[in-house]
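Trainee: Take this sequence and fold it.
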Amino acid sequence: FMTDNGTAGGNSMAIDGVPAEGQGFNAGMRGKKGASYDGGHRVPFFLSWPGGGLEGGRDVAKLAAHLDVLPTLIDLCGLSANPRLEGVSLLPLLKNPNADWEHVAISTRGQNNHAVRDQRWRYIRYADGSEELYDHQTDPNEWKNLAAESPTPSHAKVIAQLKKLLPKTNATQRGNEPKK
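Mentor: Residues are numbered from 1 along each chain as shown. Alright, predicted model coming up:
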């Protein structure tokens, strides 16, 4: 057990002097548990398997997601990959933390509310069509929404690229199925 991502209720704090009831922060990152921001779902991950060839410590700074754990274990065990799994094996990064890695992490909070995160950008699209874009190189705390108002042409290009990675199918959220 490494973390529980802070409180689901957030905490009361002021942002630029404006009270933000329930906004929440986790280890200095914006977002409470389950939020679309880094503080809502960013957690450490540790893996140890000395008998499986994972000896010695290494720190991997590349982006990964919980969906990647099962494909990684399958790969470590030498089993056939399951094409129905959405994650990717982290074994290339475990062998070489500096390996090229172009994968993204996608998180969903409620139906049709998705965030796509790559090494530099976080793009969020909400069910109502509103969008957010954050540049983690210049804004690691996710304060400046670059998609607000009129994004620059370069930001519009990033949005278009990340938007292509959003889930194509949005199943009905459990508990919200139509009554029969």
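Trainee: buried set for stretch 103-118?
Mentor: Within stretch 103-118, the residues that count as buried by 16 or more other C-beta atoms under 10 Å are His103, Val104, Ala105, Ile106, Ser107, Arg109, Asn113, His114, Ala115, Val116, Arg117, Asp118. Where you see a C-beta, it was placed from the backbone N, CA and C, and this is true even at glycine.
Trainee: helix, strand or coil for the first one?
Mentor: Using DSSP: H, G, I helix; E, B strand; the rest coil as the criterion, the local structure at His103 reads coil.
Trainee: now the helices for this structure?
Mentor: Secondary structure of the chain by DSSP state H: the helices cover 38-41, 69-76, 91-95, 153-163.
Trainee: Does anything pack onto the third one? Which helices or strands?
Mentor: Okay, so that is helix 91-95. Judged by 3 or more C-beta pairs under 8 Å, 6 or more residues apart in numbering; DSSP states H and E, the packing partners of helix 91-95 are helix 69-76.
Trainee: For the helix it packs on, enumerate the helices and strands it packs against.
Mentor: Packing partners of helix 69-76 (3+ C-beta pairs under 8 Å, 6+ apart): helix 91-95.
Trainee: Tell me where this structure has strands.
Mentor: Secondary structure of the chain by DSSP state E: the strands cover 14-15, 18-19, 25-26, 29-30, 105-108, 114-117, 121-125, 131-135.
Trainee: quick one: average pLDDT of the fourth one?
Mentor: The predicted model gives strand 29-30 an average pLDDT of 70.
Trainee: Output the lowest mean pLDDT helix or strand found in this protein.
Mentor: Least confident helix or strand, the chain: strand 18-19 with a mean of 46, by mean pLDDT, DSSP states H and E.
Trainee: How about the contacts made by the most centrally placed residue in the chain?
Mentor: For the chain, Ala105 is the residue whose C-alpha lies nearest the centre (C-alpha atoms, centre = their mean; 4.5 Å). By C-beta atoms under 8 Å, 6 or more residues apart in numbering, the residues touching Ala105 are Leu63, Ala64, Ala65, Val116, Arg117.
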